[in-house]
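S.K.: Here's a sequence, model it:
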Amino acid sequence: MGPTDLANLLPVCSRHHHALHEGGWRAHLHADRSLTITYPDGTIQTTGPPDSERAA
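M.R.: Residues are numbered from 1 along each chain as shown. From the prediction side, this is the model:
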């Protein structure tokens, strides 16, 4: 987790909020808004950056 900063915010539902804070999940939001999630078992999942046309 990083500092509380608008650029560092990631909207998640309650279930996933608890997984990040209490369930051992780790999330890294990259500068291009792509996301890397590491699960407690070490599995890593990465998403690409948002589509700029949809995000606009």
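S.K.: Only C-alpha atoms from now on, for both contacts and neighbour counts.
M.R.: Fine.
S.K.: which residues in this structure form strands?
M.R.: 26-29, 35-38, 44-47 (DSSP state E).
S.K.: Could you dump those into a markdown table with mean pLDDT and mean neighbour count added?
M.R.: Output for these, formatted as a markdown table (pLDDT from 0 to 100; neighbours: other Cα atoms under 10 Å):
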| stretch | mean pLDDT | mean neighbour count |
| --- | --- | --- |
| strand 26-29 | 91 | 17 |
| strand 35-38 | 94 | 16 |
| strand 44-47 | 95 | 12 |
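S.K.: Have a look at the chain and report the helix or strand with the lowest mean pLDDT.
M.R.: None of the helices or strands of the chain scores lower by mean pLDDT, DSSP states H and E than helix 52-55, at a mean of 58.
S.K.: what about Cys13, how many neighbours?
M.R.: Cys13 has 8 neighbouring residues, counting by other Cα atoms under 10 Å.
S.K.: Could you check the pLDDT of it?
M.R.: Predicted confidence (pLDDT) for Cys13: 93.
S.K.: and it, how far is that from Leu20?
M.R.: Cys13 sits 11 Å away from Leu20, going by Cα to Cα, to the nearest Å.
S.K.: what does Leu29 give?
M.R.: 13 Å.
S.K.: is Gln45 in a bridge, and if so with what?
M.R.: With DSSP bridges as the criterion, Gln45 is bridged to Ile37.
S.K.: and it, what is it in contact with?
M.R.: Residues in contact with Gln45, defined by Cα atoms under 8 Å, 6 or more residues apart in numbering, are Thr36, Ile37, Thr38.
S.K.: same deal with Thr47?
M.R.: Thr47 neighbours (Cα under 8 Å, 6+ apart): Ser34, Leu35, Thr36.
S.K.: Run a quick check on the second one versus Pro11, I expect a contact.
M.R.: No - with contact defined as Cα atoms under 8 Å, Leu35 does not reach Pro11; the gap is 12.0 Å.
S.K.: got a markdown table for the contacts of Thr47, with distance to Gly42 too?
M.R.: Converted to a markdown table, these look like this (distance: Cα to Cα, whole Å):
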| residue | distance to Gly42 |
| --- | --- |
| Ser34 | 19 |
| Leu35 | 16 |
| Thr36 | 12 |
